[in-house]
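In: Kindly generate the corresponding structure for this input.
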Amino acid sequence: MKKLSGISCLLLFLSSAVFAQKGPDGSKPQGENLKVPEGWEWRFDRPNPEIKVGSDPESADIFFVNMTPGWHLTSGPAGIYYHPDNKAEGDFTLSSTIYLFDTKGRNREAFGLFIGGNDLKEDDQTYIYFLIRNTGEFLIKRRTGSETSNIQQWTKSDAINLFTDETESSAQNDFEVKVSDDELVFSINGSKLASINKGEFDTDGHYGFRVNHSINLHISNLTKTK
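Out: Predicted coordinates for the structure are as follows:
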């Protein structure tokens, strides 16, 4: 490993100092690389206190670690992952690039983003989620407590990149959810999949990832912009 020059060390120190002054940014890895992200929280569809989230793939039920510039997640049960500081309100755009690794035949298991998360530790939790799966389909749903309802049922789209026998490493998909005063737009890889009247949907709240059963993912970014 090359030694850092004096200038490089100074720049590293200054950037660290600026980061410390601004405080944690939940949209970036927190804590030590290849360790469970500091400050992040999760909730599974079926609560189980025995489920272990950790950085040792041999002992953890769910492998979830910082892997700069993003995160790596090999899921167990279905659930959501979020940082408490990651909140959005009003008009915003949420984007994320997610890489899917070998599905091992579990092509119907889905992954993606959620927005509008509220009361996420309570029985009356609510959020809206946007998922794809390796069948080339996408889904948009709303969760209210333990119940879920379709906003857009599973729908085929050629815009979704699939993991196939010809895939060398992973299948990349770029997610985007755009929220405005009267419309929700859901896109993959620059292609608009659905445009929905905002109506009564509450989009203010936490945002993060939703990952279903036993999926191996690398998430390289999670970016909220106005």
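
In: quick one: buried residues of stretch 89-102?
Out: For stretch 89-102, a neighbour-count test (16 or more other C-beta atoms under 10 Å) marks 92-101 as buried. Any C-beta I mention is one placed from the backbone N, CA and C, and that applies to glycine too.

In: I'd like those as a markdown table, with distance to Lys198 appended.
Out: Listed next are the buried residues of stretch 89-102 as a markdown table, based on distance: C-beta to C-beta, whole Å:
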| residue | distance to Lys198 |
| --- | --- |
| Phe92 | 12 |
| Thr93 | 14 |
| Leu94 | 15 |
| Ser95 | 19 |
| Ser96 | 21 |
| Thr97 | 25 |
| Ile98 | 25 |
| Tyr99 | 30 |
| Leu100 | 29 |
| Phe101 | 35 |
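
In: and the one helix or strand Ile132 maps to, average pLDDT?
Out: In the assignment (DSSP states H and E), Ile132 maps to strand 126-133. For strand 126-133, mean pLDDT is 98.

In: sorry, back to before: of the buried residues of stretch 89-102, which belong to strands?
Out: Among the buried residues of stretch 89-102, the members found in strands (DSSP state E) are 92-100.

In: what stretches of this structure score poorly on pLDDT?
Out: Along the chain, the model assigns pLDDT under 70 to residues 1-24.

In: if I read this right, Val179 contacts Glu89, doesn't it?
Out: No: with contact defined as C-beta atoms under 8 Å, Val179 and Glu89 do not form a contacting pair (9.2 Å).

In: shared neighbours of those two, which are they?
Out: Common neighbours of Val179 and Glu89 (criterion: C-beta atoms under 8 Å, 6 or more residues apart in numbering): Thr203.

In: before we move on, back to that, so the strand holding Ile132 versus strand 92-100, what angle?
Out: Relative orientation of strand 126-133 and strand 92-100, computed by axes from the mean of the first three to the mean of the last three C-alpha atoms, to 10 degrees: 40 degrees.

In: which strands and helices sit next to strand 126-133?
Out: Strand 126-133 is packed against strand 110-118, strand 137-144, strand 171-179, strand 183-188, strand 205-211, with contacts defined by 3 or more C-beta pairs under 8 Å, 6 or more residues apart in numbering; DSSP states H and E.

In: partner strands of the first one, parallel or antiparallel?
Out: For strand 110-118, the paired strands and their directions (DSSP bridges) read strand 126-133 (antiparallel), strand 205-211 (antiparallel).
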